[in-house]
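In: need a structure here:
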Amino acid sequence: MLIGILQTGHAPDALRPAHGDYSDLFQQLLAGHGFDFVTFSVVDGEFPPGPEAADAWLITGSRHGAYEDHPWIPPLEALIHDIQGSGRPLVGICFGHQIIAQALGGRVEKFEGGWAVGRQLYEFGGEPRALNAWHQDQVTVKPEGARVVGTNPFCANAALAYGESIYTVQAHPEFGSAFIEGLIDKRGAGVVPDHLLSQARASLPLENDNQMLADEIAGFFKARVPA
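Out: Coordinates of the predicted model:
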């Protein structure tokens with residue numbers, strides 16, 4: 001199965017030598033499931049010819065806002081509609097979660113409650129999940145027909161499902177503790193409040209459920225693409 005990764009941002013320069021770029025993080029996250037990958041750096045204007053260029057699709061995170069005026073945002077929203085129309089499975093993570101919601105009629109804004117960084121607890125179908133987050137923007141109004149499948153008191157629309165073919169998550173299962181530590185050190189100071197960075201640093205040794213969510217994403221793809 002060929003997974004098309006739509007890369008909407010780049011990892012910080014200081015973190016790439018050790019961790020790779022965002023596309024690399026997702027390939028590492030989904031390793032062992034028999035997938036092949038092709039990456040389109042849409043943030044740099046590189047787009048696939050259409051939904052048929054891959055069996056399933058994944059939209060990465062980004063430091064950009066879905067509501068910002070970038071030339072690659074409108075064609076990405078058009079591609080989201082085309083993928084939805086094709087019936088191919090689509091997963092969105094963080095910015096991917098947000099841009100899919102915006103493209104399909106929801107609203108994305110800077111959340112008045114501020115930032116979520118580091119390990120956060122969510123409820124998925126009544127089960128607790130610990131996942132890393134790094135965001136200020138949120139889906140504040142979900143699109144009509146979208147189902148909330150993950151939530152917590154800070155982020156009401158933490159995971160959404162659209163029909164049977166689209167699944168999106170605000171948190172970052174591709175961010176391990178070492179990557180979060182790098183973000184704290186290289187991207188957080190002066191941007192994220194100090195007390196939140198301190199809390200995130202303190203939670204670095206704690207376990208998370210990244211692999212559980214990775215396995216669910218892999219299962220989501222496999223259940224919707226004929227072998």
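
In: Low-confidence stretches in the chain?
Out: Across the chain, the ranges flagged by pLDDT under 70 are 227.

In: Spell out the residue ranges of the strands in it.
Out: Along the chain, the stretches classed as strands by DSSP state E are 2-6, 36-40, 56-59, 90-93, 107-110, 116-124, 127-135, 137-141, 147-150, 159-162, 166-169.

In: Now tabulate these in TSV and tack on mean neighbour count and distance to Pro75.
Out: From N, CA and C alone the C-beta is placed, and that goes for glycine too. Below are those laid out as TSV (neighbours: other C-beta atoms under 10 Å; distance: least, C-beta to C-beta, whole Å):
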stretch	mean neighbour count	distance to Pro75
strand 2-6	22	11
strand 36-40	16	11
strand 56-59	26	13
strand 90-93	27	16
strand 107-110	16	18
strand 116-124	21	29
strand 127-135	19	23
strand 137-141	21	20
strand 147-150	16	27
strand 159-162	22	20
strand 166-169	25	18
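
In: For the residue nearest to the spatial centre of the chain, name its beta-bridge partners.
Out: For the chain, Ile93 is the residue whose C-alpha lies nearest the centre (C-alpha atoms, centre = their mean; 1.1 Å). As for beta bridges, Ile93 partners with Val169 under DSSP bridges.

In: residues contacting it?
Out: When contacts are counted by C-beta atoms under 8 Å, 6 or more residues apart in numbering, Ile93 is found next to Phe26, Leu58, Ile59, Thr60, Gly61, Thr168, Val169, Ala171, His172, Pro173, Glu174.

In: now the strands of the chain as a markdown table including distance to Pro193?
Out: Below are those laid out as a markdown table (distance: least, C-beta to C-beta, whole Å):
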| stretch | distance to Pro193 |
| --- | --- |
| strand 2-6 | 31 |
| strand 36-40 | 34 |
| strand 56-59 | 28 |
| strand 90-93 | 24 |
| strand 107-110 | 14 |
| strand 116-124 | 9 |
| strand 127-135 | 13 |
| strand 137-141 | 16 |
| strand 147-150 | 24 |
| strand 159-162 | 25 |
| strand 166-169 | 24 |
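
In: Tell me which of the ones you listed lies nearest to Ala78.
Out: Nearest to Ala78 among the strands of the chain is strand 2-6 (12.3 Å), distances taken as C-beta to C-beta.

In: can you give me the angle the closest one makes with strand 36-40?
Out: Orientation check (axes from the mean of the first three to the mean of the last three C-alpha atoms, to 10 degrees): strand 2-6 against strand 36-40 gives 20 degrees.

In: how about the helices of the protein, start to end?
Out: Remark: helices assigned in the chain by DSSP state H are 16-19, 22-29, 73-86, 95-103, 177-183, 194-202, 210-224.

In: For the fourth one, give me every contacting residue.
Out: Right, helix 95-103. The contact list for helix 95-103, computed with C-beta under 8 Å, 6+ apart, reads 6, 8-9, 58-62, 64, 66-67, 73, 76-77, 80-81, 90, 92, 107-108, 137-139, 142-143, 146, 157, 159-160, 162, 166, 168-170.
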